[in-house]
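got a structure for you, letters missing:
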């Protein structure tokens, strides 16, 4: 059975051809691209392809390591873009301060806009592949990774997302090249369900967007609620592109649940507004990472942002004030930190895998990604510290800024930290953190 440790109160209350227009190089930063690993097995033909890709510039032990990043510069999740690029650049700056990867400075990040559109995201992915990057960080949205992983991992380039949470990504046919540092919704869902039951709200409605993210999260919340003895009185999914959510609101109103779990992205602000207008109280509403925005109140009701008071949510987080302070110094204008620790860990883990392999080639270092985070190694918390241990032929257990990762054979983290956020009289606040492990 999965195991959740107790909540800890936070003292401050708070995944060849020229590049298209969707991709550009950053001149003042560096990014990293990371891939994930499941079961590796190469035929002779595949091995030949790997050699060909290596010769074309995907790296050998003497080359510089170039990261690509696929993230939302535009589209519904654009608010998640700044922390993704800022975290990747921050990680790379620390890697370069420590001497770079295999002694070579990491160059500027190659950027691609996923834009919330599968076709554009895949066009950007193709441009990243054609730019001969050694790893890709992203995509940010699970659906955009579903649209692009075949292009990236099919080219035998490592891909790592710091914000993909859809359970279906565990079993994709990625050849062992896709990883993620964000926890699956199979881990997030139980944490949200337990917060509801802890508040003695035992009749629950679940509303979710009709996509991989929504359906996977819905199932995880429902299973945990029922396992804890709560009654799930309705499950409703909706088209995220809809302009009206009357059918959802009417279904909730007819059942009169004690609480409603809303699994959504930015469009959920309209659902929140309509649920509150229908008579639901803020303390009856629970939300997920897709709405973890300090400005949610203004988005829901510009004239009265306080309408969201009482709403509680759960999102992957990191109980790591030191990291937040460092990132804030690196990116002073950053005001959203969602998934930044997980993206930082993608970049750092990939860099350590390359150091462990002594090669920048994805075909070489991909097998080392799980090894650099295994519990049988010596714990270390920075690129420099871990790199030095590797140079002394020691096994390492990288302790990420987002928490202990411990990649499993599918490239998923086996433990995670979640923040419990809330909208109180003073606005958005973090109530505390919960740790969840799939090992027990």
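Thanks, I have the structure now. All values derive from a computational prediction rather than experimental measurement.

which stretches in this structure count as helices?
Listed in chain order, the helices of the chain (DSSP state H) span 44-53, 81-97, 118-130, 142-153, 185-198, 212-227, 246-255, 268-277, 296-300, 321-330, 340-357, 362-365, 383-391.

okay, these, which one's buried deepest?
Compared across the helices of the chain, helix 340-357 shows the largest average neighbour count, a mean of 29 (mean count of other C-beta atoms under 10 Å). Yep, even glycine has a C-beta here, placed from its N, CA and C like the rest.

off-centre distance for that helix?
Centroid separation for helix 340-357 versus its chain: 14 Å, with C-alpha atoms, centre = their mean, to the nearest Å.

tell me what that helix is packed against?
Helix 340-357 sits against helix 81-97, strand 135-138, strand 158-161, strand 178-180, helix 321-330, helix 362-365, helix 383-391, strand 396-400, with contacts defined as 3 or more C-beta pairs under 8 Å, 6 or more residues apart in numbering; DSSP states H and E.

packing partners of the last one?
Taking 3+ C-beta pairs under 8 Å, 6+ apart as the contact definition, the neighbouring helices and strands of strand 396-400 are helix 340-357, strand 378-380, helix 383-391.

so which of those is nearest residue 129?
For residue 129, the closest of the helices and strands packed on strand 396-400 is helix 340-357, at 16.2 Å, according to C-beta to C-beta.

re the thing from before, out of the helices of the chain, which gets the lowest mean score?
Lowest mean pLDDT of the helices of the chain: helix 44-53, a mean of 40.

ok, the closest residue to residue 116 other than its chain neighbours to residue 67 distance?
Spatial nearest neighbour of residue 116, excluding adjacent residues (C-beta to C-beta, 6 or more residues apart in numbering): residue 75 at 2.8 Å. Counting by C-beta to C-beta, to the nearest Å, the separation of residue 75 from residue 67 is 22 Å.

residues in contact with the residue nearest the centre of the chain?
By C-alpha atoms, centre = their mean, the chain has its centre lying nearest to residue 163, at 1.1 Å. Neighbouring residues of residue 163 by C-beta atoms under 8 Å, 6 or more residues apart in numbering: 15, 80, 84, 138, 140, 141, 182, 316, 338, 339, 342, 343.

could you find the lowest-pLDDT member of those?
residue 15 (33).

how is the protein divided into domains?
Domain assignment of the chain by automatic domain parsing yields the ranges 15-183+321-412, 186-318+417-437.

next one: the shortest one to chain centre, how far?
Right, domain 186-318+417-437. On C-alpha atoms, centre = their mean, the centre of domain 186-318+417-437 falls 19 Å from that of its chain.

also the longest one?
Averaged C-alpha coordinates place domain 15-183+321-412 at 12 Å from its chain's average position (C-alpha atoms, centre = their mean).

what's the answer for stretch 310-327, then?
13 Å.

and if you look at stretch 181-197?
Distance, centroid of stretch 181-197 to centroid of chain: 14 Å (C-alpha atoms, centre = their mean).

likewise stretch 409-424?
Once both centres are worked out by C-alpha atoms, centre = their mean, stretch 409-424 turns out to sit 9 Å from its chain's centre.

returning to that earlier point: dump the helices and strands packed on strand 396-400 to JSON lines, plus distance to residue 258.
As requested, the helices and strands packed on strand 396-400 are arranged in JSON lines below (distance: least, C-beta to C-beta, whole Å):
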{"stretch": "helix 340-357", "distance to residue 258": "32"}
{"stretch": "strand 378-380", "distance to residue 258": "43"}
{"stretch": "helix 383-391", "distance to residue 258": "47"}
